[in-house]
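Student: Coordinates only, no sequence provided:
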């Protein structure tokens with residue numbers, strides 16, 4: 001394993017904190033993978049071996065997880081990883097056109113990085129924000145109601161170092177490595193910043209309030225049907 005001593009020392013301390021949150025060490029694998037990704041920008045062989053060693057499992061078991069989840073990258077990505085949703089609703093609202101124009105504009109395709117190393121692109125199957133379609137994400141922060149022109153300007157701004165703010169959430173855009181560390185379970189203190197739920201997300205709630213709709217009593221109590229004992 002070729003981690004520099006100071007990096008390994010920091011990773012071991014963080015890994016110990018992560019593993020301590022779980023009753024069984026191997027349950028900590030997902031955040032541990034985000035942790036090693038935060039150190040190097042992707043999950044390297046060193047990262048795989050480190051996770052295996054910390055959890056007492058084999059590298060093959062670690063790789064089985066790495067290759068299953070697309071959030072773990074096996075090759076370097078850009079400082080800003082840009083995902084374009086091309087799933088059903090975003091696609092019909094223009095997601096496919098955004099992807100085609102943005103990919104050509106940036107000179108990078110799916111899971112590829114621009115020549116300057118600043119931006120990588122990914123076709124995302126769903127960003128879980130259909131009410132703001134078409135949606136993009138940068139390091140897992142939302143950029144809503146996008147167009148091809150807005151998408152290209154966003155990537156140009158990221159590559160030039162201009163400050164870019166998400167549509168919702170944090171008031172400062174984290175780098176890929178910083179975002180990976182947050183996903184490892186080390187908050188950056190920005191979880192409550194900015195707009196949390198936009199007007200589109202609250203339409204159903206407002207209709208329910210206006211019409212006096214309430215959830216059934218058994219649903220509120222957590223029941224799945226039938227009478228409570």
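Tutor: Looks like it came in fine. Only a predicted model underlies this, so the values are computations on that prediction, with no experimental measurement involved.

Student: all contacts plus neighbour counts: C-alpha atoms, from now on.
Tutor: Fine.

Student: State the distance from the closest residue to residue 36 other than its chain neighbours to residue 32.
Tutor: The shortest distance from residue 36 to any non-neighbouring residue, by C-alpha to C-alpha, 6 or more residues apart in numbering, is to residue 47 (5.4 Å). Residue 47 sits 9 Å away from residue 32, going by C-alpha to C-alpha, to the nearest Å.

Student: So for these two, which sits in the more crowded spot?
Tutor: residue 32 (29 against 25; other C-alpha atoms under 10 Å).

Student: got a list of what the more buried one touches?
Tutor: 15, 18, 51, 184 (C-alpha atoms under 8 Å, 6 or more residues apart in numbering).

Student: Okay, and which of those residues map to helices?
Tutor: Members of the contacts of residue 32 lying in helices (criterion: DSSP state H): 15, 18, 51.

Student: Domains in the protein, by residue range?
Tutor: 5-68, 80-175 (the TED database).

Student: out of the ones in helices among the contacts of residue 32, who's nearest residue 190?
Tutor: Using C-alpha to C-alpha, residue 18 comes nearest to residue 190 of these, at 20.0 Å.

Student: thinking that closest one is in contact with residue 27, fair?
Tutor: No. Applying C-alpha atoms under 8 Å as the test, residue 18 and residue 27 come out as separate, 9.8 Å apart.

Student: all helices for this structure, in order.
Tutor: 5-19, 29-40, 45-55, 59-66, 88-90, 96-106, 148-160, 176-183, 203-211, 217-220.

Student: In the fifth one, which residues are buried?
Tutor: Of the residues in helix 88-90, those with enough neighbours to count as buried (16 or more other C-alpha atoms under 10 Å) are 89, 90.

Student: how deep is residue 216 tucked in, by neighbour count?
Tutor: 10.

Student: Please name the residues that touch it.
Tutor: By C-alpha under 8 Å, 6+ apart, residue 216 lies in contact with nothing.

Student: which residues of the chain score low on pLDDT?
Tutor: Within the chain, the stretches with pLDDT under 70 are 1, 219-229.

Student: My guess is residue 51 contacts residue 29. True?
Tutor: Yes. Using C-alpha under 8 Å as the test, residue 51 is close enough to residue 29 to be in contact (7.0 Å).

Student: which residues do these two both contact?
Tutor: With C-alpha under 8 Å, 6+ apart as the test, residue 51 and residue 29 both reach residue 62.

Student: related to what we said a few turns ago, can you redo the contacts of residue 32 as JSON lines with distance to residue 81 and neighbour count?
Tutor: Shown next, in JSON lines, are those (distance: C-alpha to C-alpha, whole Å; neighbours: other C-alpha atoms under 10 Å):
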{"residue": "15", "distance to residue 81": "25", "neighbour count": "23"}
{"residue": "18", "distance to residue 81": "25", "neighbour count": "20"}
{"residue": "51", "distance to residue 81": "24", "neighbour count": "27"}
{"residue": "184", "distance to residue 81": "17", "neighbour count": "23"}
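
Student: quick one, what contacts the closest residue to residue 191 other than its chain neighbours?
Tutor: Spatial nearest neighbour of residue 191, excluding adjacent residues (C-alpha to C-alpha, 6+ apart): residue 170 at 6.6 Å. By C-alpha under 8 Å, 6+ apart, the residues touching residue 170 are 141, 190, 191, 192, 193, 194.
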